[in-house]
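Enquirer: Only the shape, not the letters, is given here:
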């Protein structure tokens, strides 16, 4: 057999085998490239979603912080306004309580607000009414209580919630003390302490300061996302 024919017979199958191998390798490479491209696209898609979610969460956190800051600042503002408004009437409340201390009884019918008995007080009714009117006009606790309720609703930190509740409680205590200036506590044998309004006022001042420090610490601390 001629050498050329022999070479053709030998090389033919080899060429076919090489071609088949090349085709197989090519298909595998194509599949690998296709899979890699798909995985890359999927990774990019998931990364985009995660970035969008992070941006959304960050925006919500910023808005929540802003709302909290406004609520905290409003409570501090309203509490300081109440403290300023009531400070000038502390002396009036003390005067009423001093007269009550000197009297046998100064009380109101079933705590309804109607004066029913004044004995040996040395304080004429017109003077009593004038002092009580001035105290009543300045003794408006409602803005503080409303602001405290908003903070309690906003939260989110338990320390701040407790601090806001304490501001509310001490505001109510000061309001009640001033409203009852000159009156003996119901069924109490001893006359009220003339300094009780001043003490309640000082207590509220300290409580507001405690809340302010707690709010500042929360707002300046790390966010829930670690920012």
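Expert: All right, it came through fine. For clarity, every value in this text was computed on a predicted model and none was experimentally measured.
Enquirer: after the worst-scoring helix or strand of the chain on mean pLDDT, next one along is what?
Expert: Ranked by mean pLDDT, DSSP states H and E, the weakest helix or strand in the chain is strand 115-118, scoring a mean of 44. Proceeding N to C from strand 115-118, the next assigned helix or strand is helix 125-138, under DSSP states H and E.
Enquirer: what's next to that following helix, contact-wise?
Expert: 85-86, 88-89, 92-93, 95-96, 99, 115, 118, 178-179, 181-182 (C-beta atoms under 8 Å, 6 or more residues apart in numbering). (Each C-beta comes from the backbone N, C-alpha and C, glycine too.)
Enquirer: Out of these, which sit inside helices?
Expert: Among those, the members found in helices (DSSP state H) are 85-86, 92-93, 95-96, 99, 178-179.
Enquirer: quick one: low-confidence parts of this protein?
Expert: Within the chain, the ranges that satisfy pLDDT under 70 run 1-31, 33, 35, 37-63, 101-125, 156, 184-191, 222-227.
Enquirer: how close does residue 151 get to residue 166?
Expert: 11 Å (C-beta to C-beta, to the nearest Å).
Enquirer: Return the residues in contact with the closest residue to residue 194 other than its chain neighbours.
Expert: Of all residues not flanking residue 194 in the chain, residue 97 sits nearest, at 4.1 Å (C-beta to C-beta, 6 or more residues apart in numbering). Residues in contact with residue 97, defined by C-beta under 8 Å, 6+ apart, are 181-182, 191-194, 196-197.
Enquirer: try 7 Å this time
Expert: 181-182, 192, 194, 196 (C-beta atoms under 7 Å, 6 or more residues apart in numbering).
Enquirer: do residue 165 as well
Expert: residue 152.
Enquirer: what about it, distance to residue 66?
Expert: Residue 165 is 23 Å from residue 66, by C-beta to C-beta.
Enquirer: now the strands for the chain?
Expert: 106-108, 115-118 (DSSP state E).
Enquirer: What number of residues are in the vicinity of residue 85?
Expert: Around residue 85 there are 14 other residues, counting by other C-beta atoms under 10 Å.
Enquirer: What residues does it make contact with?
Expert: Here residue 85 is in contact with residue 138 (criterion: C-beta under 7 Å, 6+ apart).
Enquirer: can you do 10 Å?
Expert: 137-140, 143 (C-beta atoms under 10 Å, 6 or more residues apart in numbering).
Enquirer: all helices of this protein, in order?
Expert: Using DSSP H, the helices of the chain run over 3-86, 90-102, 125-138, 142-154, 158-179, 196-220.
Enquirer: Which one (most neighbours) among the contacts of residue 97?
Expert: That'd be residue 182 among the contacts of residue 97, by other C-beta under 10 Å, with 29 neighbours.
Enquirer: my read: that one touches residue 93, true?
Expert: Yes: between residue 182 and residue 93 a contact is recorded at 7.7 Å, counting by C-beta atoms under 10 Å.
Enquirer: which residues are common contacts for these two?
Expert: 131-132, 135, 192, 194.
Enquirer: Please determine how far the nearest residue to residue 215 once chain neighbours are set aside is located from residue 86.
Expert: Residue nearest to residue 215 in three dimensions, not counting chain neighbours: residue 72, with 4.1 Å by C-beta to C-beta, 6+ apart. Separation of residue 72 from residue 86 (C-beta to C-beta) stands at 22 Å.
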